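> Fold the following.
(chains A and B)
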There are 2 protein chains.
Amino acid sequence: MAFRLSLEVYWIRKRCSLSRFKLKIEYDGRPYIGWQRQSYGPSVQNFLENAVFAFSGERVEVAGAGRTDKGVHATGQVAHIQLANNKFDAKTVMKAINALIRPEPIVVVAAEEVKEDFHARFSAIERCYHYEILNRYAPTALYRGLVWHVKAPLFVEAMQEAAHCLVGHHDFTSFRARQCQSNSPEKTLDQLDIFRKSENRIVIIARSRSFLHHQMRNMVGTLALVGIGKWTSCKVSEVLAARQRSAAGPTAPPDGLYLTSVKYPNES
Amino acid sequence: MAFRLSLEVYWIRKRCSLSRFKLKIEYDGRPYIGWQRQSYGPSVQNFLENAVFAFSGERVEVAGAGRTDKGVHATGQVAHIQLANNKFDAKTVMKAINALIRPEPIVVVAAEEVKEDFHARFSAIERCYHYEILNRYAPTALYRGLVWHVKAPLFVEAMQEAAHCLVGHHDFTSFRARQCQSNSPEKTLDQLDIFRKSENRIVIIARSRSFLHHQMRNMVGTLALVGIGKWTSCKVSEVLAARQRSAAGPTAPPDGLYLTSVKYPNES
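Numbers count the residues shown, from 1 in each chain, chains lettered A, B, ... in the order given. Here you go, the predicted structure:
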């Protein structure tokens, strides 16, 4: 009897509240102008919002944790949606979006119902990006737009040495795009690791609460100059200290960049 | 003087002989009807032969080690060409093919001059194939046509146990396509290993001097039935012993299949 009562209370509460879902999303960035909805081209956010509308009839924002640029990919973008109609469970939301968004290369890989105070962008405490380099003379046949092809042999140990001086709390003005909207150029970089995944594949992993616009791609472009031996690893400390975008290397292409995960409080 | 003479002898010999090149080739199999030139559609071989003609003016066969099927990929296909005009060195051949074959997703990743008795197909003593499975509920956004998506969780240990009984010299009739042109259904399978590359990626590696038509895909389709628990691993011995195609599992799709290397005598 008590069980039945508590079940009823649960359902009444559920009916009165909105449903909020956290979505883990994978996408191929090649066909899009980026994550964010814009008037001038197709965006990942827009296709997701259209799919949500198609099954729920609700025009809601799909709020993402990271506003990835044109051509940048994701294996672990996180977004949330809030629906007024609460007849859907998380698995139904995931299946409906995946069925309706086809053939776009955008897939919800996991979904769960979350509390109303969860915000994909503002609740995030860490973002992780991977950057994939194909390091060989011949271009790629299989992964065009999915890796950065660097012809000249890269010396990974020198790149790793250079990366060390970027880890920590710094003013990253030298690695910040002109159009960056962040309040401050100061960020804390928790990890910047470089390793050879296979004979000709190099991966760079970076973790931080948040990144400046183009920060990761500017760091990769700079590290590549160290890797080919044009700059010494010590030079990167000077580049950082210069606090001038012109002091650093070029912006690496979006092709090799993946938003791989976003972390929230109380997650392992 | 003696050096000069031997150099002249070298050049005279070189001018009289043909040039033969061994090419290591990577391609995305998605747009093609397969490796082999056919009248009914675009083939990898045909695009390569056109590129060779474009720079050399010679209509020669690009003879491949493995005749991969429609939609099957390669990271290490090997082929050879023989040119009457011997003014080209291996690096020039590689660069010329890569420049002229664009935008086709076919790339020569290595080239070397070889003796006239080298034959990419008949000299080969071992072929190695990889099969990539994406094992998770959600489909793939990034690797469509490049992996086989299996929704149901696969039990890798059971698949590996089942694979053991396929290794060795056997009559592989149960895993042979009806249209197979091999003289005998007997083959020696030197390796069949299955492992989890990451949380949701499973790789199957097979090595043999040669394979029957669809042998790898039929073995993978059968092992998948073991992986999902529909068949026990012991069942695969019975399937092999039955010597009937109908006894085995379905043919896995070409999407996940890659010809990764071909071995020749005197190679490490």
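
> pretty sure residue A:238 belongs to a helix, no?
Yes: Residue A:238 forms part of a helix when assessed by DSSP: H, G, I helix; E, B strand; the rest coil.

> Which residue comes closest to it once chain neighbours are left out?
Once flanking residues are discounted, residue A:238 sits nearest to residue A:247: 7.4 Å by CB to CB, 6 or more residues apart in numbering or on different chains. For glycine as for every other residue, the C-beta is placed from the backbone atoms N, C-alpha and C.

> measure that neighbour to chain B for me?
34 Å (CB to the nearest CB, to the nearest Å).

> Is it correct that that residue is in contact with residue A:173?
No: using CB atoms under 8 Å as the test, residue A:247 is too far from residue A:173 to be in contact (9.1 Å).

> re earlier: so what's the residue count around the residue nearest to residue A:238?
Neighbour count of residue A:247, defined by other CB atoms under 10 Å in any protein chain shown: 16.

> Could you do the one 5 residues further on as well?
Here the number of neighbours of residue A:252 (other CB under 10 Å) works out to 23.

> tell me the SS of it?
coil.

> Show the contacting residues for it.
By CB atoms under 8 Å, 6 or more residues apart in numbering or on different chains, residue A:252 lies in contact with A:131, A:148, A:217-218, A:220-221, A:224.

> Next up, the contacts around residue A:167.
Residue A:167 neighbours (CB under 8 Å, 6+ apart): A:189-192.

> So it versus residue A:219, what's the distance?
Residue A:167 is 11 Å from residue A:219, where distance means CB to CB, to the nearest Å.

> anything in contact with each of these two?
residue A:192.

> which residues of chain A fall in strands?
A:19-27, A:63-64, A:73-83, A:106-114, A:126-135, A:148-150, A:168-171, A:186-198, A:201-208, A:257-263 (DSSP state E).

> Can the fifth one be said to contact chain B?
Right, the one you point to is strand A:126-135. No: under the criterion of CB under 8 Å from any CB of the partner chain, chain B is not reached by strand A:126-135; the shortest gap measures 10.6 Å.

> so what strands line up beside that strand?
If you go by DSSP bridges, strand A:126-135 pairs up with strand A:148-150 (parallel), strand A:201-208 (antiparallel), strand A:257-263 (antiparallel).

> what's the most buried one of these?
strand A:257-263 (a mean of 22; mean count of other CB atoms under 10 Å in any protein chain shown).

> who's in contact with that strand?
Residues from elsewhere that reach strand A:257-263 (CB under 8 Å, 6+ apart): A:65-66, A:68-69, A:72-78, A:120, A:124-132, A:216-217, A:220.

> about what we covered before: can you pick the most crowded of the contacts of residue A:252?
Using other CB under 10 Å as the neighbour criterion, residue A:220 leads these with 28 neighbours.

> Need the nearest residue in space to residue A:26, chain neighbours excluded.
For residue A:26, the closest residue by CB to CB, 6+ apart turns out to be residue B:141, at 4.4 Å.

> quick one: that neighbour from residue A:49, how far?
According to CB to CB, residue B:141 and residue A:49 sit 17 Å apart.

> Compare the two (neighbour count), which wins?
With neighbours defined as other CB under 10 Å, residue B:141 and residue A:49 compare such that residue B:141 has more, 23 against 18.

> residues in contact with residue A:40?
Residue A:40 neighbours (CB under 8 Å, 6+ apart): residue A:33.

> Please identify the buried residues of stretch A:39-53?
A:43-49, A:51-52 (16 or more other CB atoms under 10 Å in any protein chain shown).

> rewinding a little: buried only: go through the contacts of strand A:257-263 for me.
A:65-66, A:68-69, A:72-78, A:120, A:124, A:126-132, A:216-217, A:220.

> For chain A, what lies in contact range of chain B?
So chain A meets chain B at A:26-28, A:73, A:75, A:94, A:98, A:105-110, A:136, A:138-142, A:144, A:146 (CB under 8 Å from any CB).

> 10 Å instead, please
A:24-30, A:44, A:73-75, A:91, A:94-95, A:98, A:101-111, A:136-144, A:146, A:200, A:258 (CB under 10 Å from any CB of the partner chain).

> Test my guess that residue A:224 contacts residue A:230.
Yes: at 8.8 Å, residue A:224 counts as touching residue A:230 under the criterion of CB atoms under 10 Å.

> Now the common contact residues for those two.
A:152, A:249 (CB atoms under 10 Å, 6 or more residues apart in numbering or on different chains).

> okay, and for chain A, where does confidence drop off?
A:1-17, A:268 (pLDDT under 70).

> Specify the residue ranges that define each domain of it.
A:2-114, A:126-263 (automatic domain parsing).

> Quick one: end-to-end distance for the longest one.
Read it as domain A:126-263. End-to-end distance for domain A:126-263, by CA to CA, to the nearest Å: 5 Å.

> what residues are shared contacts of residue A:247 and residue A:173?
Between them, residue A:247 and residue A:173 share the contacting residues residue A:240, judged by CB under 10 Å, 6+ apart.

> pretty sure residue A:190 is touching residue A:210, no?
No: using CB under 10 Å, residue A:190 is not in contact with residue A:210, being 11.1 Å away.

> Name the residues contacting each of the two.
residue A:126.

> ok, back up a step: wait, what's in contact with the residue nearest to residue A:26?
A:25-29, A:44, A:73-75, A:98, A:101, A:104-109.

> Contact partners for residue A:195?
So residue A:195 contacts A:156, A:159-160, A:201-205 (CB under 10 Å, 6+ apart).

> ok, what's across the strand from residue A:205?
residue A:130, residue A:193.

> rewinding a little: can I get the strands paired with strand A:126-135 in TSV including distance to residue B:263?
Output for the strands paired with strand A:126-135, formatted as TSV (distance: least, CB to CB, whole Å):
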stretch	distance to residue B:263
strand A:148-150	27
strand A:201-208	22
strand A:257-263	34
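
> Quick one: closest of those to residue A:83.
strand A:257-263 (21.1 Å; CB to CB).

> Could you tell me how far that closest one lies from the centre of the chain?
Centroid displacement of strand A:257-263 relative to its chain, using CA atoms, centre = their mean, to the nearest Å, is 4 Å.

> One more: stretch A:254-265?
3 Å.

> ditto for stretch A:190-201
Relative to its chain's centre, stretch A:190-201 lies at 18 Å (CA atoms, centre = their mean).

> now do stretch A:109-118
18 Å.

> Now the terminal residues of that stretch, how far apart.
19 Å.

> Then stretch A:141-160?
Terminal-residue distance, stretch A:141-160 (CA to CA): 28 Å.

> What residues of that stretch count as buried?
Neighbour-count burial for stretch A:141-160 [16+ other CB under 10 Å]: A:141-143, A:145-150, A:154, A:156, A:158-160.

> Among those, which one sits closest to chain B?
Comparing the buried residues of stretch A:141-160 against chain B with CB to the nearest CB places residue A:141 closest, at 4.1 Å.
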